[in-house]
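A.B. asks: Here is my input, please return the structure:
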Amino acid sequence: MPWIYLLLAGLFEIGWAIGLKYTEGFSRLWPTVGTVAAMTASIILLALAVKTLPIGTAYAVWTGIGAVGAVILGIVLFGDPATPARLLCVALIFVGIIGLKLTGGAH
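C.D. replies: A predicted model of the protein is given here:
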């Protein structure tokens, strides 16, 4: 169950990272409400995951999911650059997430 919490926490992190763009500096009410809700859900789920998982593993996976998702959605939604070097770096982060999952389970 902690890995499910962590996966959901990472997905909510993607949501709030992308949501920040839509808040326009927290000047738009509903995007701000959604972003703050996603932030809250992400932190609560992360806290549940670290009850069992090592903090270093959980935090790295959480931020990795957020980073990979934010880059991919930045490319898709906002036209961020999708250069081969950027995509390679995102792939390396993804490989790191998988590696931590395989080697950094509960203690």
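
A.B. asks: List the buried residues for the helix or strand containing Ala37?
C.D. replies: Assigning secondary structure by DSSP states H and E places Ala37 in helix 29-49. Using 16 or more other Cβ atoms under 10 Å as the test for burial, helix 29-49 gives Pro31, Thr32, Gly34, Thr35, Ala38, Met39, Ala41, Ser42, Leu45, Leu46, Leu48, Ala49. C-betas here are computed from N, CA, C, even on glycine.

A.B. asks: Mind giving me the packing neighbours of the helix or strand encompassing Ala85?
C.D. replies: According to DSSP H and E, Ala85 maps onto helix 84-103. On a contact count with 3 or more Cβ pairs under 8 Å, 6 or more residues apart in numbering; DSSP states H and E, helix 84-103 meets helix 55-78.

A.B. asks: Could you list the low-confidence segments of the chain?
C.D. replies: 104-107 (pLDDT under 70).

A.B. asks: Just give me the residue closest to the centre of it.
C.D. replies: Closest residue to the average C-alpha location of the chain: Gly66 at 1.9 Å, with Cα atoms, centre = their mean.

A.B. asks: Skip the chain neighbours and tell me the closest residue to that one.
C.D. replies: Nearest non-adjacent residue to Gly66, counting by Cβ to Cβ, 6 or more residues apart in numbering: Glu13, 3.6 Å away.

A.B. asks: what comes up buried for the host helix or strand of the one you found?
C.D. replies: Using DSSP H and E, Glu13 falls within helix 2-23. Neighbour-count burial for helix 2-23 flags 2, 5-20, 23 (criterion: 16+ other Cβ under 10 Å).
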